[in-house]
Structure formats: structure tokens, C-alpha cells
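**Student:** Structure here, sequence nowhere to be found:
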């Protein structure tokens, strides 16, 4: 979406932003208890899902991702952030949702993003979020942030999403962005105006079957992508 | 536990389960739904407010205004803004406003809805945590109201269902009661039939029991027919079907010696004049037909009157016994009316002279018959169809006219009925009951039934007399502590008032009622079977005993009586007399006793004249004996 700029109120970006807000609200509904669940992988299930959907090429990418996780396990935080950020920035080609999925605002799971090798801003953020979680970074330090991005020096702005890393709740975050290859502190990103942030806190609490059965889950985009991830094997039900 | 009670338990249990269950499900699902809605509202509002705050300046006034604006215009229990260390920045709280909902209900429901939380952003940094709780007391109220509504419907539907259940149970219970009643009857060997119910299971039972009753009825019918054939062969004239000489004479003797209404009445002798000539002229068959027609006419007269008997004394002489009827003129008219058609039909040569005489208790049979014979001869001399009435009886009447009879009878009944006591003993010599014919004090003397019964009947005082007798019997039972048997008259059993009166008197004295045996001449009971049935139905439940006396000719009807629940039959002395020597009689009596037993009825022999006879009778299977030869405390000889 970075290549499309608009001021119109009903622009897709704005619309997406608004719907995002709504779904976010719904997602919050399900946050019953503080999050205790780590995102754990079910490798066999992931492989099967990947093989079913994208065949051997997908499996190759998945193996690379597994290798990344192995390599970064126990590494220091800076390296984890840096390598995860660049892994996805390199692997995934930016493309608008309508071109990839034939519909607007499709939130893809990391598996879908990797399998396709394509995604847009929130697909990058989700994939990085899950990967970092997998490396043991606590959920409450990661937040996905809606930002207004100015492209270059122009006054053209567009809706964008980045992943923020908060060392402490009141700290200034480090920004993982697909537009910029390096990780920078937020104050250096003068091209971005933060609007609102969220994470999956509380979403994975409770039994997985219950949240799956909850009809409200369908209303929220964020919630839906989390559910799909669980099915594909990213988040094992307790 | 009774079937009906079980049915009720099932119905009530199912109702409670169904409606209690639906109430529970309704309330729980409403609760779940409301919780979910409130949870969504909490989360949405928290996010919306946090989003707004993220865009606004973070000074205290703005924050307070935002929180207040949200809190004051909406329905919230708590809105709280805490900084990242958990210290409260801004807080609004309202009391839970739960009115008009009982405390136990709110405790029972107890909504468990987490607050909606969201993070307020200040630029890149997190600024504070917002948590929002909606007011959900309204939910308690609406849930309480819907619960009340459901309960109301429950009551209504429950009431309707109970009504339906009541109808259902009733439709089962009624036929069930009938089935139980019938089964009980069969247990007491009263083979009643009952209406076939619609319920399949009961229907099978009832059909089976009805079949049993029918079979028993048929069996009784055939057996009693066989016995009757034997009896007829023994007692009846083969050509005409009238009683033969021996049977008629013994009946006459029994009547003359009896203590009840039979002891007085009218005796008629009819002769077929020149029978030999008629026989020659008309031929054998036609003559037989004529005699048969004559017998039928006489029997009609006997039947019109009630318990009359017709007999053939010899080839040409026929006799008609009309006990309890002393109106010779009436008999005369009846005879003329009945005999005329016979004569008109046939050759003029036929002559049917007759003689009519009244008889009283104590008359000698031989002199009575001799007198009639003489009168008949003179009547025959006077003309072919002349009918003579022997008038001498009139002087023997105690009182000259109706009015005096009436007052004398009423006075006597007021003074009290005296009951004579004749024991009825069983095979061990134990007393079954005393047979107690009534005596009235008339003309300074205790008079037997034969004297006053015709007048009681004529004056329509039977009901009064019977009630007086019942009263005397109940007193007697109380005094002597022994069972007492009394006679009822035909007119009273037809009288519904009498039956009700009797019922209430017996009901008032149940212990005495249980020892009261009441009997009716067989012929009268058979003639008015419906009334007799009513009597049985009304009185038997009170514990008293009902039976028939002088049972003989109508024994074939025992099949009709099988469902009445009779206690005993007294077999007529004409069948009992001479039983020691007659194999036929023994066969008949043995058969009668067997049939009686198969219905749970006691068979008692009347007119037993000697111990030897009594011994024979008990050997034949009879249960009791009574008669001139039977005295109490005579165990050694029995």
C-alpha cells in the first residue's frame, strides 16, 4: 500500500483503518484473562498445511524459517530483531492485498505470506510478531501500531502498519518496518505518525476450542487470522 | 403403589422436568447471551474511548472530561484510567442499581463479565490503560422479568397439562375400576360381564373375563337344563307338562302346612268330561292337544296370579292351586275367560266343569279334595261347563270386611310382629340361621301368614309388614345374637322406597345386618328379575344375605341369577321329600348342589322330615337342612 497515496476519506486505506478499529474492538472482547500462552509451533502440522497449500517451494521457505528460528534461539535481542526483520523484508515481496488475494484487506497468516512470498504491511507485521514471539519475546513487549506514513518528502500520506518493540511499557519503541530495511527508534521515524496500537494480549487465553466456537471471533479480522494460524499449526491449542 | 398414583407421579414428574428444564435452559441461555453482549460492549467502548484519548492532548482536564462525557451519557458501572504503574488517573463509578429484583436471583445469576480494556497511546509511547465496565443491572431486571414470564407460562401450561392428565387418568381409572370390580366378582364366583373398555390392555382382560362369565353362564344353562329335564320327568305329566299327581299332592300338602302366605288360597278342580268318548272321536293326538291346551290355560291363570301351580291328578282331572288368593269370584271369572276358547274351538261334546274352593292353613288335604270332588260331580250333573264355588270358606274369615281387616292388621303391626323360629342347620349341626315366618296377633291369637297374608296383599300393606318384620328381625338378632332369616314379599321389592328405607336401616346397624338373611319365593323373583336385581345390588354390599326359597321348577334360571351374588338357595320340599328312596331325586339334588357350589351359593333343603333324610341330603352335597324333622341341639342324631 506504500505506493498508493490518497487523501480521500473513503480511500481504501482509511476504510481499512476504520474496519481495523472495529475488529480490534471485537478482538478485545475475547481477551478474558492476561495472556499466559506462548506461541508454540506444531512443526508437522505446519509442514502439512504448507505442503497442502503451496507444495515443495512453500516447504523450502518454511524450512528456511525453521532454520532462522533455530539459529536465533538464545541469541541476543538485537540480533533476533534484526534478523527477523530482514528475513521477512527480503523474503516477502510487497504487493497489495487486492492483487494477492483478489480482495481488499486480507490479513494473511505467516504461512500464507511465506508460501506466497507476497504480502502487504500488516502481513509483514503479523509474520514478524509471530516469529519474535516464537523466539521467546513476551507478548506485551510487541505491539502492532497503526501509523500515518508520509512517503518521501511529499505531503502524500497513507495508512500503514508497523511492529513496535517496547522494552518497557512506557519506553519508546523500536520500529520494525517493511519500508525501511533497518530497525530504528521511533523518534527517528519522523515520517510516521502513530495512531493506535494493539497486540494479541488476552486473545489466546481460555481454551482454544471455546474461542473457536465463539461466534464473535468471526467478526474480527485480527481474531480471524489468529484462528487460522492456530489451525495451520502456529499456535498450539492448550 | 397404585397404578393411578404411579401415573400421576409420572405426569407430574414429566411436567416438572419439561417445564423446569425449559425454564433452566431459557434462563441460562439468556444469561450467556447477555454476558456476551455486555462483554462486547465493554470491549468496544474501551477501544473507542482509548482511541479517542490517544488522539487528544493528555492533560488532566481533557482526560477527566472525556471520561465524564462517556460515563455521564452512557450506562456504565465503572470507567477507570490507570497509568502504566497502575496508579489511578481518572475514575468514575456508579452503584449497581438493582431494584425490584430479589437478591437471591441476582446471586443465582451473578453475571461474570470482565471489564473491557484498551491501551491509550501517547505518540509512540503507551500512556495509560483504560478499563470500562458497563452497567448490567438492567440485565438482571430483564432476565428476572423474562423468568417470571416463563414461570407464568409454566403455571398455565402446567395447569392445562394437569387437566389433560386428570382426564387421561380418569379415562383409565374408570374402566380399570370396572375391571377390578368384575375380577372381584369372579373371585366371589359371581360371573358378571362388563362393558369392554377402549384401552387395549384392559380390553383383553375384560374380553377374557367376559368370555369366562359367558362360558360359565352357558355351562350353568346346559347343566341346569339337564337337571330340569330330570326333574320334569320325575314331577310332571308326560303328556300335558302339568305336575303329576304325586308332585301336585305333595305341593298341596306343603302349602297347607306352610307358615307363610301360601297357607291359604284357592284350589280349583277341572274335569274333562267324557274323556274316553272324546278320545275315540277325535283321536289320540287331538285329545292330547286338547289336554295340553287345557293345561296351558290353567297355567296362564296360575301365572297371572303369581305363584300358582297346575297339576293333573288323573286322566281327566286337573287341579289348579292359587296360594294367597282367596277371591273365588275372581278365580271364577278368570276360569271362564280362559276355558271358553277351548270349548268353542272343539266339538260340542267337550265339557269342562269345575269346582272352586278356598283353603286355609290347617285344612286337611283329603277332606279338601273330597269336598271339591263332590262339588265337581254335582257341577258336572248340572251342565257341561258349570263352575261351582264352595262357599263354606267365607265364615272362617276373622273379620267381616276390608275396613276391619285393615285396622286390625295395622294395629297388630304396631303391636309388633312375632317371629317364629325354625332352625336351619349345616352338616355339623351348627345353626346357619333361624327361619322366621312372621306371626301377627289378630283376634286375640297369634296368626300365621296363611291367615293374614291374603289380606295384607289385598290391602296393599306388604311394605309396612315387611318393614315391621325387618325391624323385628334386627331386634331379634341383637337379642339372641343369632342369624335370622325372613321372607320378603314380591310387592315390596318393586317398591323403590322400601328398598331405600331398608338400605338405610341396614346401614345404620351393620353388625345386625350381617346376620340378616332375606329370602323371596323363587317364582316371584324370576317374574320380576329387574327389581330383584336392583334389590341385590342395593342390599348385598351392606353385608346381609339374600336368597331364594322354594326353588324347584325355576332352577333353570340359575344361569340368569349367576351374577347377582346370591348367598343361598332353599330347595323346595317337593324335591326333597322321599329323597332317601328316589335315585332320580338324588341325582337332581346332587346336580343342584354342585351347580350352586360352582357359583358360591349355599344349597339348603326345605321340608326335611327326618334325620335319615338330612343325612342323605348332606351326602348329596347340600349345605343345610330345615324342616319339621330338624331341631336344634340335635347333633348326636345328625
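**Tutor:** It's in. This is a predicted model, so every value here is computed, not measured. Numbers count the residues shown, from 1 in each chain, chains lettered A, B, ... in the order given.

**Student:** How about the stretch 401-550 of chain B: which residue is closest to chain A?
**Tutor:** In the stretch 401-550 of chain B, no residue comes nearer to chain A than residue B:541, which is 69.7 Å away by CB to the nearest CB. For every residue, glycine as well, the C-beta is placed using N, CA and C.

**Student:** Quick one: residues contacting that residue.
**Tutor:** By CB atoms under 8 Å, 6 or more residues apart in numbering or on different chains, the contact set of residue B:541 is empty.

**Student:** next structured bit after the helix or strand where residue B:53 lies?
**Tutor:** Residue B:53 belongs to helix B:3-55 when elements are defined using DSSP states H and E. Counting by DSSP H and E, the element after helix B:3-55 in chain order, helix or strand, is helix B:60-73.

**Student:** same for the next helix-or-strand element following that next one, what does it pack against?
**Tutor:** Using DSSP H and E, the helix or strand that follows helix B:60-73 towards the C-terminus is strand B:76-83. Applying 3 or more CB pairs under 8 Å, 6 or more residues apart in numbering or on different chains; DSSP states H and E, we find strand B:76-83 packed against helix B:3-55, helix B:60-73, strand B:88-93, strand B:125-134.

**Student:** Excluding covalently adjacent residues, which one is nearest to residue 45?
**Tutor:** All of this refers to chain A. With CB to CB, 6 or more residues apart in numbering or on different chains as the criterion, residue A:45 has its nearest non-adjacent residue at 3.2 Å, and that residue is residue A:233.

**Student:** meant chain B, my bad for not saying
**Tutor:** Spatial nearest neighbour of residue B:45, chain neighbours left out: residue B:132 (5.0 Å); criterion: CB to CB, 6+ apart.

**Student:** Please report the number of neighbouring residues for the one you found.
**Tutor:** If you count neighbours by other CB atoms under 10 Å in any protein chain shown, residue B:132 ends up with 28.

**Student:** pLDDT weak spots in chain A?
**Tutor:** Counting by pLDDT under 70, chain A contains low-confidence residues at A:1-40, A:201-219, A:235-238.

**Student:** Can you tell me how far the residue nearest the centre of it is from chain B?
**Tutor:** The C-alpha lying nearest the average C-alpha coordinate of chain A belongs to residue A:126 (CA atoms, centre = their mean; 1.0 Å). Per CB to the nearest CB, to the nearest Å, residue A:126 is found 19 Å from chain B.

**Student:** quick check, that residue in a strand?
**Tutor:** No: using DSSP: H, G, I helix; E, B strand; the rest coil, the secondary structure at residue A:126 is helix, not a strand.

**Student:** just checking, it touches residue A:110?
**Tutor:** Yes: using CB atoms under 8 Å, residue A:126 is in contact with residue A:110, at 6.5 Å.

**Student:** what about the helices in the stretch 451-600 of chain B?
**Tutor:** Along the stretch 451-600 of chain B, the stretches classed as helices by DSSP state H, counting those that start in this stretch are B:462-480, B:490-494, B:496-508, B:510-513, B:522-527, B:529-539, B:558-561, B:573-576, B:583-598.

**Student:** buried stuff in the fourth one?
**Tutor:** Of the residues in helix B:510-513, those scored as buried under the neighbour-count criterion (16 or more other CB atoms under 10 Å in any protein chain shown) are B:512, B:513.
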